[in-house]
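Undergrad: I would like the atomic coordinates for the input below:
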Amino acid sequence: MDGFDPVDRYERMVEMRTFEELVGEGVADGSIHGEMHLAIGQEATAAGLEPLVREGDAVVSTHRPHLHALIARVDPVRMLGEIFERSDGLCGGKGGHMHLFDPSVDFMCTGIVGASAPIALGYALQRKRARPGAVAWAFLGDGAVNHGTFAEALNLAALWSLPVVFVVEDNGYAISVPTTQATAGAIHRRGEPFGIPGWAVDGVDARAVYEAGRAATDRVRSGDGPALVVATAYRFRGHYEGDIDHYRPRRQHEETMRERDPIARARASLIAGGVGADELMRREEEARTRVRGWVDRARAMPWPDPADALTGVFAEAEA
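TA: Sure thing, here's the model as predicted:
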């Protein structure tokens, strides 16, 4: 049975973008501190894979983790609580957006480039031994594929036939360096020397991502070993909020955003297929209202108690 509902996926993408935009507003008004990496423009990859992520799977993400956390079923209010530095956040407000951990759904992220791949192998090994049919999802960016950890993870995953799906989101830039200037060869073929098949897909087409992801996960869940999916998209914002983004010519950047907007493309496709504009507007407003409610609830959470500053932190023992 096809688990892809195009209207549902469209609403989810609007929800994801609204989430990221409101977090961006929190950075702009000073409510959120530290670096913030948003995935605006990359919603179709997460939305397309979401129907394939099952209960019992593990998801390991990167420094750009919010959409992956959402598809892993992390509570969005508690995630926002962590991002807004509140005591009821996932990690008590101490970790921030690059250190989101939710053991209740086996989700985590890491700010270390390339680290998600080897970490995901631990989850995959546990699932192979104790949870047949469950998989680990390792999300990486295009810059991470040139780290030795990625090659090492591919090798070990193949050697032990681990149930892991590597998902590379190629948004065109590793910080400010274009993929074309840093990466030789086709990324989706990186697993071939290890016997790992790869799928290259247009990452702004949620349906295409779903189809490629389904083929990959069918292989992994059946016990045939790991798989690699590479989704190409375009990062609308700078590498981080506040990035002056001088490395992308302004006119080219604006044209590419118009051409590669997954939400605009999905909307046009749905209308061409007979879905009414009024129905889409209703879905859009419901998604935006839902996310605004999450943000309001997170902002209403209490601040951490200064007395708890050292709770959960390694401290030198008193003499």
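Undergrad: which residues touch stretch 43-51?
TA: Applying C-beta atoms under 8 Å, 6 or more residues apart in numbering, the contact partners of stretch 43-51 are 3-4, 9, 12-13, 16-17, 39, 67-68, 70-71, 137, 167, 169, 203-210, 213, 231, 233, 262-263, 266. Just so you know, the C-beta spots here come from the backbone N, C-alpha and C atoms, and that holds for glycine as well.
Undergrad: among these, which lie within helices?
TA: Of the contacts of stretch 43-51, the ones assigned to helices by DSSP state H are 9, 12-13, 16-17, 67-68, 70-71, 206-210, 213, 262-263, 266.
Undergrad: show me where the stretch 101-250 of the chain has helices.
TA: Taking DSSP state H, counting those that start in this stretch as the criterion, the stretch 101-250 of the chain contains helices spanning 116-130, 148-159, 179-182, 206-221, 250-259.
Undergrad: and those: which comes nearest residue 26?
TA: helix 250-259 (22.1 Å; C-beta to C-beta).
Undergrad: which of the residues in the closest one are buried?
TA: Neighbour-count burial for helix 250-259 flags 256-257 (criterion: 16 or more other C-beta atoms under 10 Å).
Undergrad: now for that helix, which elements pack on it?
TA: Helices and strands in packing contact with helix 250-259 are not found; criterion 3 or more C-beta pairs under 8 Å, 6 or more residues apart in numbering; DSSP states H and E.
Undergrad: need the buried ones from the contacts of stretch 43-51 selected in PyMOL.
TA: Restricted to buried positions by 16+ other C-beta under 10 Å, the PyMOL selection for the contacts of stretch 43-51 reads:
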select buried, resi 4+9+12+13+16+17+39+67+68+70+71+137+167+169+203+204+205+206+207+208+209+210+213+231+233+262+263+266
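Undergrad: closest one to residue 52 among the helices of the stretch 101-250 of the chain?
TA: Across those, residue 52 has its closest neighbour in helix 206-221 (5.0 Å, C-beta to C-beta).
Undergrad: could you pull up the mean pLDDT of that closest one?
TA: In this model, helix 206-221 has an average pLDDT of 98.
Undergrad: one more: stretch 276-290?
TA: Mean per-residue pLDDT for stretch 276-290: 98.
Undergrad: figure out how far it is from the centre of its chain.
TA: Relative to its chain's centre, stretch 276-290 lies at 23 Å (C-alpha atoms, centre = their mean, to the nearest Å).
Undergrad: ok, now stretch 173-191?
TA: Averaged C-alpha coordinates place stretch 173-191 at 18 Å from its chain's average position (C-alpha atoms, centre = their mean).
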